[in-house]
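Asks: Okay, here's the prediction I keep looking at, along with the sequence it came from:
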Amino acid sequence: MDRILVEVGSEVYETLMSDFPDEVTDHGGTAHPLQISAREFDLYALSLDRGPNFGTGIIYDAYRNPSSDAAGAILVDPYTWRFSTVSLRRRVDQVWTEIDRSDGFEEPEPAIHHVQANLRSDQPLEPLPSGAKRRRPLLKAGSAGFSPEFQILAGTANHVPALMAARECYLAMPRPDANFVTDMQTANFASRLFELYLLACFREQGIRVRQDHPSPDFEIELEGSSCWIEAVTANSPDPTVARMGPWINAPEDPTERLTGAPAERFAKTLRGKLQRGYERLPHVAGRPFAIAIADFHESGSMVWSREALPTYLYGVQAYVDGDGAERRAAGMAITHLNGKDRIPAGLFRDPAFSHLSGVLFSNAATLSKFSRMGFLAGWRPPKLEMRRQGLLFDRTPGALEAIPFSMSITSPEYDALWPQGEAWCQELEFFHNPLADHPIPFDLIPGATHWFERDGEIECSSFWENLVLASVTHLISTKSG
């Protein structure tokens, strides 16, 4: 969905990693805690079982110690105006763990003192739980070194916000596999970044995430409903070209864009995963199962390829019918994609795939998304601003064109687009299989936009009033910092 356009001068690059804590940092002493934003604490709280969700409590204030190995938040219940606290400390492998949760405070000051008492920098890091393996640091290079993509993330100052956000998401994963860091540092950067993005989306919504089996990648659960999720990305044979090569625009021919090579790419990727028979695994059999997919096939393809996915899944090609005031959106059933391989269209029309509950999609598992979320959390290299430019879905009845926007991501106007500002899951979409043996309820992934078939029509339901269809994130240097 996003592409970063860098307009940052050398002075910004010279800041490099000055605000990035070492993998193990313990300076000792009892320096005063540092006040932090609620968004920064929310990133740390992704490590909690239900993420940064505290019932009726909302963050009133938050702190961390100078060595960044302890953090805490004061929560207030807006209905009773009583206060509670949650305190976290890092383990020896830097993963956050909850060490204290207290309530019953009638005033904020005692709650603040209680949290600050848990933030001492002279306390040792928390031990690993019994049987847990020490997690490999994300920045510890292996024998294969770093790919150009990972080098951009880890070695340039303008990407410090993305690095900090990605690092906290990695530390929040329940049980990343042994090859996770090596894969992300080398050939599978996009695939692993997509997994980090999904983890953040799930935990942000209060969804419990488990990784108790090698595959599928995630088991998610909320309010008694659950689903297995296997993540996959549509990749180019040369991922460096795909992510760092020249920008590729959308095909001008609508038929090619909807039913041509982009649709075939989604089809081949999904069918490749379906051939692995996840539904036959003992822990998956008889349970809802979905595939999460993102497109990294070409530089920029994630901005425009999304329309091809529902075309393939439902076997319906959208088009505009009529002229002038009579224009309206319509759909035409198709039997095959228009690419060279003539793949049958309508994966969801085939009873052979009724074990597939649906397909989860996002075009926001990008460096720009992680950059924005890290920047909004407070990791802001000096003299760097971010501006997001793109298209918003127009909910006006009969509207066929998107609404353009261009805003600084720290502006009140941008923050007001959503109830609590930009969230991880706003670009998440779930396409429901109408023939699914085990359908999932919308409430299992409440922050996603849900697409479903009703009375022969494809409809959608979304919690978000403002949906970004496509965007570009600009990193811009400023004269004052």
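Replies: Structure received.

Asks: shaky segments in the stretch 201-350 of the chain?
Replies: 237-250, 298-301, 319-330 (pLDDT under 70).

Asks: Could you check how many residues crowd around the closest residue to Leu347 other than its chain neighbours?
Replies: Using C-beta to C-beta, 6 or more residues apart in numbering and skipping the chain neighbours, the partner closest in space to Leu347 is Leu313 (5.2 Å). All C-beta spots, glycine's among them, are computed from the backbone N, C-alpha and C. Leu313 has 26 neighbours, counted by other C-beta atoms under 10 Å.

Asks: Could you report the separation of Leu313 from Val95?
Replies: Per C-beta to C-beta, to the nearest Å, Leu313 is found 37 Å from Val95.

Asks: try Asp183
Replies: Between Asp183 and Val95 the distance is 19 Å, computed by C-beta to C-beta.

Asks: So which of the two has more stuff around it?
Replies: Each of Asp183 and Val95 has its neighbours counted (other C-beta under 10 Å); Val95 has more, 21 against 16.

Asks: Tell me who's in contact with that one.
Replies: Taking C-beta atoms under 8 Å, 6 or more residues apart in numbering, we find Val95 in contact with 47, 135, 171-172.

Asks: again, 10 Å this time
Replies: Val95 makes contact with 47, 88, 125-126, 128-129, 132, 134-135, 170-174, according to C-beta atoms under 10 Å, 6 or more residues apart in numbering.

Asks: Can you give me the distance of it to Ala62?
Replies: Distance of Val95 to Ala62, given as C-beta to C-beta: 19 Å.

Asks: Repeat that for Ile291.
Replies: 36 Å.

Asks: re earlier: now for the contacts of Val95, which sits with the most neighbours around it?
Replies: Highest neighbour count within the contacts of Val95, by other C-beta under 10 Å: Leu88, with 25 neighbours.

Asks: mind giving me the domain ranges of the chain?
Replies: The record assigns the chain these domain ranges, following automatic domain parsing: 34-117, 148-361.

Asks: Next, format these as CSV and append distance to Leu475.
Replies: Shown next, in CSV, are the domains of the chain (distance: least, C-beta to C-beta, whole Å):
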stretch, distance to Leu475
domain 34-117, 19
domain 148-361, 5
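
Asks: So which of these is nearest Leu392?
Replies: domain 148-361 (14.4 Å; C-beta to C-beta).

Asks: follow-up on the earlier one: of the contacts of Val95, which one scores lowest on pLDDT?
Replies: Here the lowest pLDDT out of the contacts of Val95 sits on Ala132, with 87.

Asks: I'd assumed Glu126 was in contact with it.
Replies: No. Counting by C-beta atoms under 10 Å, Ala132 stays clear of Glu126, with 11.1 Å between them.

Asks: Give me the common contacts of those two.
Replies: Shared contacts of Ala132 and Glu126 (C-beta under 10 Å, 6+ apart): 91, 93, 95.

Asks: show me what contacts the closest residue to the second one other than its chain neighbours?
Replies: Counting by C-beta to C-beta, 6+ apart, Asp93 lies nearest to Arg135, which is 4.1 Å off, once chain neighbours are set aside. With contact set as C-beta under 10 Å, 6+ apart, Arg135 has these partners: 23, 91-95, 128, 170-171, 173, 175-176, 180-181.

Asks: helix/strand/coil for the residue nearest in space to the middle of the chain?
Replies: Geometric centre of the chain, nearest residue: Tyr197, 2.8 Å, by C-alpha atoms, centre = their mean. Following DSSP: H, G, I helix; E, B strand; the rest coil, we place Tyr197 in the helix state.

Asks: check contacts around it.
Replies: Contacts of Tyr197 (C-beta under 10 Å, 6+ apart): 165-166, 169, 231, 292, 294, 362, 364-366, 369-370, 373, 424-425, 427-428.

Asks: could you redo the last one with a cut-off of 7 Å?
Replies: By C-beta atoms under 7 Å, 6 or more residues apart in numbering, Tyr197 lies in contact with 362, 364-365, 369.

Asks: do Ala154 as well
Replies: When contacts are counted by C-beta under 7 Å, 6+ apart, Ala154 touches 139, 146, 163.

Asks: do that again at 6 Å, thanks
Replies: Taking C-beta atoms under 6 Å, 6 or more residues apart in numbering as the contact definition, Ala154 lies against 139, 163.

Asks: how many other residues sit next to the nearest residue to Cys425 once chain neighbours are set aside?
Replies: Residue nearest to Cys425 in three dimensions, not counting chain neighbours: Gly447, with 3.7 Å by C-beta to C-beta, 6+ apart. As a burial measure, Gly447 scores 19 neighbours (other C-beta under 10 Å).

Asks: can you pull up the bridge partners for the closest residue to Leu444 other than its chain neighbours?
Replies: Using C-beta to C-beta, 6+ apart and skipping residues adjacent in sequence, the residue nearest Leu444 is Ser225, 4.4 Å away. For Ser225, the beta-bridge partners are Leu222 (DSSP bridges).

Asks: The protein: helices as residue ranges?
Replies: Secondary structure of the chain, counting by DSSP state H: helices at 10-13, 38-44, 108-117, 148-155, 160-172, 180-185, 189-204, 239-244, 254-259, 261-274, 301-304, 308-314, 367-377, 412-415.

Asks: got JSON lines for the ones you listed, with distance to Gly331 too?
Replies: Shown next, in JSON lines, are the helices of the chain (distance: least, C-beta to C-beta, whole Å):
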{"stretch": "helix 10-13", "distance to Gly331": "47"}
{"stretch": "helix 38-44", "distance to Gly331": "39"}
{"stretch": "helix 108-117", "distance to Gly331": "54"}
{"stretch": "helix 148-155", "distance to Gly331": "38"}
{"stretch": "helix 160-172", "distance to Gly331": "37"}
{"stretch": "helix 180-185", "distance to Gly331": "39"}
{"stretch": "helix 189-204", "distance to Gly331": "28"}
{"stretch": "helix 239-244", "distance to Gly331": "30"}
{"stretch": "helix 254-259", "distance to Gly331": "11"}
{"stretch": "helix 261-274", "distance to Gly331": "15"}
{"stretch": "helix 301-304", "distance to Gly331": "19"}
{"stretch": "helix 308-314", "distance to Gly331": "8"}
{"stretch": "helix 367-377", "distance to Gly331": "30"}
{"stretch": "helix 412-415", "distance to Gly331": "33"}
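
Asks: among those helices, which is nearest Arg287?
Replies: Between those, helix 261-274 lies closest to Arg287; by C-beta to C-beta that is 15.8 Å.

Asks: residues of that closest one that come out buried?
Replies: Across helix 261-274, burial judged by 16 or more other C-beta atoms under 10 Å covers 261-267, 269-270, 273-274.

Asks: that older thread, so which of the helices of the chain gets nearest His474?
Replies: Of all the helices of the chain, it is helix 367-377 that lies closest to His474, at 9.2 Å by C-beta to C-beta.

Asks: Can you name every helix or strand that the closest one contacts?
Replies: Under the contact criterion of 3 or more C-beta pairs under 6 Å, 6 or more residues apart in numbering; DSSP states H and E, helix 367-377 touches helix 38-44, helix 160-172.

Asks: ok, now with 10 Å
Replies: Of the remaining helices and strands, those touching helix 367-377 by 3 or more C-beta pairs under 10 Å, 6 or more residues apart in numbering; DSSP states H and E are strand 4-7, helix 38-44, helix 148-155, helix 160-172, helix 189-204, strand 384-392, helix 412-415, strand 468-477.
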